[in-house]
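**Student:** How does the following fold in three dimensions:
(chains A and B)
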Amino acid sequence: MNALAEKFAEQDVGSIFIYTHEAHPGENVPHLASMEQKFRHARLLRDELGVTRPILVDALDGACHLAYGSMPNMTWIFARSGLILYKSDWTDAHSVENAIEYFSQVPARRKAGERLAGFRVERLDYRNQERDLFYKRLERNGQKALIEFKKAFPSG
Amino acid sequence: MTDLVPRYNYDSFVPEKFEPCLNFDSSPKTGTMAPDFPLWQLNEAETRLGELLKQHAYTIVEFGSFT
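**Tutor:** Model prediction:
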């Protein structure tokens, strides 16, 4: 997603990351209990996982995250006006790239004389699960996080 | 808010704790306007989602955490 942000930055596409709550808390990275802790964990995301996009921290009660569906790693795309253009319950760079390329063409199409009206579309996209990386990250959170995930989803 | 904070920031990834938070199906629809909320930069300065969206023709917003 960092690469995607860089690729489209010159086309007036902004990219931000909203820090939510700990989806898989463990001994090393426990659940959040204060805003000070939330800022520390958000900086860890930048410094250890290399998120280069601006990171914005949500309120401790997750007001923004809950209003948008509270999925652990979802992506939305908005127009400057605040119009919601795309919502995805998981994040996949290919899906987001496909969408932003489509939306980026709309102004040019309108300029060329097309009379465009919005409509809703629903489709099933596919994401790479990257299981090995995911399990390594659970271990980084702590054994508790790994054990709880395997118990909740025995088939992985 | 005091009750919501520990429920939202659950201490264990067990279905009875994480499932009540998930409400994507009832989240705002595409084609409607984005609800606005305060957000904080890493330097702890307050801003708003709506203000951030005004800065670009399109804005990609990823939600997530370290874990």
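
**Student:** now the helices for the chain?
**Tutor:** You didn't pick a chain, so chain A it is. Under the criterion DSSP state H, helices of chain A are mapped to A:2-8, A:35-49, A:63-67, A:93-104, A:106-111, A:131-141, A:143-152.

**Student:** my bad, the chain I had in mind was chain B
**Tutor:** Using DSSP H, helices in chain B cover B:4-8, B:15-18, B:49-53.

**Student:** Now do the buried residues in the second one.
**Tutor:** Along helix B:15-18, the positions that meet the burial threshold by neighbour count (16 or more other Cβ atoms under 10 Å in any protein chain shown) are B:17, B:18. Every C-beta, even on glycine, is put in place using the N, C-alpha and C of the backbone.

**Student:** wait, does it contact chain A?
**Tutor:** Yes - contact of helix B:15-18 with chain A (Cβ under 8 Å from any Cβ of the partner chain) involves B:15, B:18.

**Student:** Give me the distance between that helix and the centre of its chain.
**Tutor:** Mean C-alpha position of helix B:15-18 versus that of the full chain (Cα atoms, centre = their mean, to the nearest Å) differs by 18 Å.

**Student:** again, but for stretch A:99-109
**Tutor:** With Cα atoms, centre = their mean as the basis, stretch A:99-109 stands 21 Å off its chain's centre.

**Student:** for the chain, longest strand please?
**Tutor:** Using chain A. As assigned by DSSP state E, the longest strand anywhere in chain A is strand A:13-19.

**Student:** The intended chain is chain B.
**Tutor:** Longest strand in chain B, counting by DSSP E: strand B:58-64.
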